[in-house]
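Enquirer: 3D, please:
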Amino acid sequence: MSPETLPPRVLATPLAQEWIERLKAAHGDLMFHQSGGCCDGSAPMCFVAGEFRVGGQDVLLGMLVGDTPVWIGAAQFAYWRHTQVTIDVVPGRGSGMSLEAPEEVRFIVRSRIFTDAENDRLQAAGEPPRGDDPDALCKGVVRPC
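Expert: Residues are numbered from 1 along each chain as shown. Below you'll find the predicted structure:
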């Protein structure tokens, strides 16, 4: 099953996409890591690409705005695997170290449960790539390597 036919595990609202582009213009390539409870609860944290080290316990949910990976810890993914995550932006400042904090906005997560049919397609496709896979950013996403 090709990645194009799978429901995306992660999306961004138009406002979040605008903020990602703004932050990319100011800081360069970015990455997200979906926190599992530390640093502002379970907020998505935005970092300059490479500032947060991912490893075998991190799962690639997908890419936003073309080339911005979104990772989640494996333990958190176990709970959220049947949930589509949508990153959004709201006014206010979070207490974490995410790049948007000084801008007086914060990234948040909205979600929905995949339908049974979507969940079946995702399960048939196999496990998403993990951070210890050198080709993780090439697998499961519509992006050439």
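
Enquirer: hang on, isn't residue 131 packed against residue 60?
Expert: Yes. Using CB atoms under 8 Å, residue 131 is in contact with residue 60, at 7.3 Å. From N, CA and C alone the C-beta is placed, and that goes for glycine too.

Enquirer: Mind checking which of the two has more residues around it?
Expert: More crowded of residue 131 and residue 60, by other CB atoms under 10 Å: residue 60, with 23 against 20.

Enquirer: Which is the succeeding secondary structure element to the lengthiest helix in the chain?
Expert: Across the chain, the longest stretch assigned as helix under DSSP state H is helix 14-27. Going down the chain from helix 14-27, the next helix or strand is strand 30-34, by DSSP states H and E.

Enquirer: what packs against that following strand?
Expert: Identification of packing neighbours for strand 30-34 by 3 or more CB pairs under 8 Å, 6 or more residues apart in numbering; DSSP states H and E yields helix 14-27, strand 44-48, strand 58-64, strand 68-73.

Enquirer: What residues sit buried inside the shortest one?
Expert: In this case it means strand 44-48. Using 16 or more other CB atoms under 10 Å as the test for burial, strand 44-48 gives 44-47.

Enquirer: just these now: which is nearest residue 77?
Expert: residue 44 (13.4 Å; CB to CB).

Enquirer: Three-state assignment for the closest residue to residue 92 other than its chain neighbours, please.
Expert: Using CB to CB, 6 or more residues apart in numbering and skipping residues adjacent in sequence, the residue nearest residue 92 is residue 106, 5.6 Å away. At residue 106 the chain is in strand, as set by DSSP: H, G, I helix; E, B strand; the rest coil.
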